[in-house]
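In: Structure, please.
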Amino acid sequence: MQKYRFLITFVIILIFALVMAQIFEFSAFELIIAVVFSFTFLIQLFYYLFFYLRIATYKPAAKDKDIKPVSVIICAKDEAENLEKFLPKVLNQNYPDFELIVVNDGSVDDTGDVLKRFDNQYENLYVTTIPENTKLRQGKKLAVTIGLKAAKNEWILLTDADCVPVSENWISSMQANFTDKYDIVLAYGGYMEQKGFLNKLIRFDSMFIAMQYFTFAIAGLPYMGVGRNLAYRKSVFFKNKGFASHLKLKSGDDDLFVNKIATKTNTAIEYSTESFTRSVPEKKFKSWYYQKKRHLSTGVYYRLKHKFLLGTEILSRILFYISFMFNFVYNDYIAAATAIFLIRLIVQLVVYYYAFFMMNKMVNNVNDAEDLTIEAFGKAFKLLHSFTGKYAFSTWLFKIATNHCIDFIRKQNKHTLLSIDEGSDGDIAPNQYILSENPDPEENLIRQQKGEMIKDIIDRLHPDYRDILRLKYFQGFSYIEISEKLDISMGTVKARLYRSKELLVNTIKGKDI
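Out: Predicted coordinates:
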């Protein structure tokens, strides 16, 4: 990445040389526009290069392999419909030791009935209720505090009633960061994809905000997190008197608390795909506007350095676009060409990050993603003569990057006959095979022999582990069905399944299958 910083720095110097060559031909008004435009461009470039680019080169710290008990807390107010749909996704997480605490925050719908029904099915679900007429309620801070007091574990994982984890390994991926070094883990809470421009705007906004608080945290300036997906220590919460410093505000149960206690050394970030949560987005612009307004109302209470950095970025962005428009209208064609060039450079940078994240998600490997991005841009340069302008440049480039990434995955799959890795739902599938596109008889024979060896290993496991693997992966039983068939609790099912998968993988690796 250093060579790109050098290249862009050289481009900046070249731009200023061109601007200075023309500066004495400007009128006073044109000069002001040119200076504002150039200065805000530099500020924007500073944020892209020294903040946002960090996530592309970020190397996460070593993960903790120990299993730590986790308390998941959800605060629900009139969320019967969402709890009905999403609560099972949390309760059926592929993690052996967790409790789920749902705080019924004075609901007047069927939330209580829904929770009572789930409470009868799951041993690790605990429900506490705040009466409807409670006067001390400020947002959901009281509910969160009650949930924390009810939690029996040190590590707390927060989400909302309208959120759903994208993976059964949500708790597991978050818990991997629960080391002695950290007190807080920031993660991504996005929104579900739906039709319409507003939904695209909401999803882009949440992604951009996440990019900001992730990269600021990497730079040693953590300033916020989102309650849709946030973890911290129970002891740290009470040591810092919880929400006492901003109790009168309805918002701030997530970002203001993080802003208060987060430091460069006690904060981790987790942005693997399995750690994501998705929330139900607003469907009306007016509702989203008031939601944003409520969220932004806490910004004035941030630390001074955070307010300065965030305010400068927003202000420079606004002035950049305004000055660009004035440059386009009032300055001569050279100034206009320079403005277009600058805008194009910014777009290219954004496309670079977009391509990187897309590739990282597809290949699930940061180093491969970085190599593929560089290769894709090289391929695009060679094919530049074929760009007709029929589609946007970013669309054309993204298509090249996507095809290049798919080719890479196909090549990788040609060399893979057997997978003992985790499946798409986070479970290890003993019979999951990835075949080449044109398997020959020898390849099929090898695959068959390895499959028989794995089944033989399963047959030799202790009956408790053997039976649960067969029920889950060969007969397709759910956790609830296994619990009923074996007459054991849900917690025992998950703990035993976790142990059986661990034994299976270790045995397979030991035999070099």
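In: neighbours around the closest residue to P96 other than its chain neighbours, how many?
Out: Spatial nearest neighbour of P96, chain neighbours left out: A495 (3.9 Å); criterion: C-beta to C-beta, 6 or more residues apart in numbering. Heads up, the C-betas are built off the backbone N, CA and C, glycines and all. Applying other C-beta atoms under 10 Å, we find 16 residues neighbouring A495.
In: three-state assignment of A495?
Out: helix (DSSP: H, G, I helix; E, B strand; the rest coil).
In: what's the nearest residue to Y465 if we skip its chain neighbours?
Out: S500 (3.6 Å).
In: R470 is in contact with the one you found, correct?
Out: No. In this structure, S500 is not within contact of R470 by C-beta atoms under 8 Å, at 9.9 Å.
In: Low-confidence ranges, this protein, go.
Out: 1-28, 30, 56-57, 134-138, 327-451, 509-513 (pLDDT under 70).
In: Could you chop it up by domain?
Out: Domain segmentation of the chain under automatic domain parsing yields 2-57+308-411, 70-297, 441-510.
In: any idea which of the ones you listed is most buried?
Out: domain 70-297 (a mean of 19; mean count of other C-beta atoms under 10 Å).
In: what's the distance between the closest residue to K77 other than its chain neighbours and L504?
Out: Leaving aside its chain neighbours, K77 sits nearest to D105 (4.2 Å; criterion: C-beta to C-beta, 6+ apart). Distance of D105 to L504, given as C-beta to C-beta, to the nearest Å: 43 Å.
In: For S489, give me its contacts.
Out: E123, S483 (C-beta atoms under 8 Å, 6 or more residues apart in numbering).
In: Am I right that M207 is in a helix?
Out: Yes. Assessed by three-state DSSP, M207 belongs to a helix.
In: State the three-state secondary structure for the closest residue to it other than its chain neighbours.
Out: In space, and not counting its chain neighbours, M207 is closest to G190: 6.8 Å by C-beta to C-beta, 6+ apart. Classification of G190 using three-state DSSP returns strand.
In: What are the neighbouring residues in contact with G190?
Out: Per C-beta under 8 Å, 6+ apart, neighbours of G190: R203, S206, M207, A210, F276, T277, R278, S279.
In: Which strand residues bridge it?
Out: According to DSSP bridges, the residues that bridge with G190 are R278.
In: From L201, how far off is it?
Out: In terms of C-beta to C-beta, G190 sits 13 Å off from L201.
In: just E99 next, same as before
Out: Distance, E99 to L201, using C-beta to C-beta: 37 Å.
In: swap in M490?
Out: M490 is 40 Å from L201, by C-beta to C-beta.
In: Check S287 too.
Out: 13 Å.
In: tell me the contacts of M224?
Out: Contacts of M224 (C-beta under 8 Å, 6+ apart): Y213, D254, D255, V258, N259, Y302.
In: In three-state terms, label it for me.
Out: Per three-state DSSP, M224 ends up coil.
In: so how far is A80 from the closest residue to it other than its chain neighbours?
Out: Using C-beta to C-beta, 6+ apart and skipping residues adjacent in sequence, the residue nearest M224 is D255, 3.7 Å away. According to C-beta to C-beta, D255 stands 27 Å off from A80.
In: Also I218?
Out: From I218 to A80 the distance is 39 Å (C-beta to C-beta).
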